[in-house]
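Q: quick check, what structure comes out for this input:
(one chain, ligands or ions: 2)
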Amino acid sequence: MSTDPPVVLAVAGTDSGGAAGLAADLATIAAHRAHGACVVTAITAQDTTGVHAVHVPPLDMIDEQIAAVLDDLTVASVKTGMLGSPEVVRLVAERLGHLRLVVDPVLIATSGAVLGDESVRAAYVDHLLPIATVVTPNVEEAAALLGVDGACGFPPEELAARLAAQCGGAGSAGGPAVVVTGGGTTGTCTDWLALLGQTPVALSHPALATENDHGTGCTYSAALASLLAQGIELETACRCAAAYTSQQLALSRRWELGRGRGPIAHVAASHPSH
Ligand SMILES: Nc1ncnc2c1ncn2[C@@H]1O[C@H](COP(=O)(O)OP(=O)(O)OP(=O)(O)O)[C@@H](O)[C@H]1O
Ligand SMILES: Cc1ncc(CO)c(N)n1
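A: Ligands and ions are numbered 1, 2, ... in the order given. The predicted structure follows:
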């Protein structure tokens, strides 16, 4: 019997502060006992206070990374994060569209920085979302992808249902599942899972009071991709990914790293003592 771990490919940007992007993705994939491969789509000069500069590598180099991984490894699932340009979104759709694809449509950072502009948003809508397995926007990203004002007042479950309809309307396979993730530091956090033509399902867990939530969305989507790679059914995988993310938020709650919104913890609670 094979002892190989499933391979999860993270296609995402770097965060020099080590909180979000590939740092969060690869640590989360490893924590789920999967093997993480990576394709670097963007380099950000970033810290807990914000994003100071962005560089998108040449498209050829991104294509070479994808080709190297696909040529050598059997990829069980892909998680996409910051893609950085419409050309990269199209390339990912072309090269990885045949695989199980968890798309975190990164448009706006926790700090408010724009990580994907209008052309990136349009490329997601036209090329990547229709062929995704799961899409995991937060409320603001869901509204942007629908082309409605973020302050439109649609409840998150309606955003989830509308986005599932928008993505799945044209496709024969019914389109992706949509999880609109919900933050909030008091009471209950509810993520809404919507599938085309079905009533959205509320996935709720206790909210944690913390300012150290930089990288939360990356952690959630990488956990989801890892769980799906292990063959876990979608709704259970969504619940487990949220539970994992909450657990990591609890671990970093009292940290004082950086001057801004600090990182979510990437490793487990216990350290070997020296
Ligand atoms: N304070 C919190 N307490 C508990 N769970 C949380 C909290 N904030 C977010 N979550 C959970 O974390 C997961 C990721 O959601 P979130 O909406 O924060 O992602 P995001 O906004 O895309 O993150 P990012 O700011 O990194 O882009 C969801 O399951 C959400 O419910
Ligand atoms: C590189 C990168 N990817 C994703 C996010 C979203 O949290 C971020 N801030 N930076």
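
Q: strand partners (parallel or antiparallel) of the longest strand along the chain?
A: Using DSSP state E to define each element, the chain has its longest strand at strand 35-47. Strand 35-47 pairs in its sheet with strand 7-15 (parallel), strand 50-55 (antiparallel), by DSSP bridges.

Q: what are the buried residues along the first one?
A: Within strand 7-15, the residues that qualify as buried by neighbour count (16 or more other C-beta atoms under 10 Å) are 7-15. In short, each C-beta sits where N, CA and C put it, glycine included.

Q: contacting residues around the residue of the stretch 101-250 of the chain at minimum distance from ligand 2?
A: Closest residue of the stretch 101-250 of the chain to ligand 2, C-beta to the nearest ligand atom: Ala109 (3.7 Å). Ala109 makes contacts with 20, 46, 50-51, 115, as judged by C-beta atoms under 8 Å, 6 or more residues apart in numbering.

Q: just among the residues you listed, which is most surrounded?
A: Comparing the contacts of Ala109 by number of neighbours (other C-beta atoms under 10 Å), Ala20 comes first, having 30 neighbours.

Q: about what we covered before: touching ligand 2 at all, the longest strand of the chain?
A: Yes. Counting by C-beta under 6 Å from any ligand atom, contacts between strand 35-47 and ligand 2 involve 44, 46.

Q: circling back to that earlier point, min pLDDT across the contacts of Ala109, which one?
A: For the contacts of Ala109, the minimum pLDDT belongs to Leu115; the value there is 90.

Q: just checking, that residue touches Val54?
A: Yes. The criterion here is C-beta atoms under 8 Å, and Leu115 meets it with Val54 at 7.4 Å.

Q: mutual contacts of those two, please.
A: Common neighbours of Leu115 and Val54 (C-beta under 8 Å, 6+ apart) are 13, 42, 44, 84.

Q: shouldn't Glu235 be in contact with Trp192?
A: No. If you go by C-beta under 8 Å, Glu235 and Trp192 don't touch, sitting 11.8 Å apart.

Q: between the two, what contacts are shared?
A: 201, 203.

Q: when those two are compared, which one has more neighbours?
A: A side-by-side neighbour count of Glu235 and Trp192, using other C-beta under 10 Å, places Trp192 first with 26 against 14.

Q: so the more buried one sits in a helix?
A: No. When classified by DSSP: H, G, I helix; E, B strand; the rest coil, Trp192 is found to be strand rather than part of a helix.

Q: so stretch 142-160, near ligand 2 or not?
A: No. Contact between stretch 142-160 and ligand 2 is absent, the nearest approach being 13.9 Å (criterion: C-beta under 6 Å from any ligand atom).

Q: residue numbers of this structure in contact with ligand 2?
A: So far as C-beta under 6 Å from any ligand atom goes, the chain lies against ligand 2 at 12-15, 20-21, 44, 46, 81-82, 106, 109-110, 115, 217-218.

Q: report the contact partners of the closest residue to Gly97 other than its chain neighbours.
A: With C-beta to C-beta, 6 or more residues apart in numbering as the criterion, Gly97 has its nearest non-adjacent residue at 4.4 Å, and that residue is Ile131. By C-beta under 8 Å, 6+ apart, the contact list for Ile131 reads 93, 97, 101, 171, 176.

Q: per-residue confidence for the residue nearest to the first one when sequence neighbours are not counted?
A: Spelled out, that is Ala93. In space, and not counting its chain neighbours, Ala93 is closest to His127: 4.1 Å by C-beta to C-beta, 6+ apart. What the model reports for His127 is a pLDDT of 97.

Q: and His127, which of the three is it?
A: helix.

Q: measure the residue nearest to Leu234 when sequence neighbours are not counted to His55 for me?
A: Of all residues not flanking Leu234 in the chain, Ala177 sits nearest, at 5.9 Å (C-beta to C-beta, 6+ apart). Relative to His55, Ala177 is positioned 32 Å away (C-beta to C-beta, to the nearest Å).
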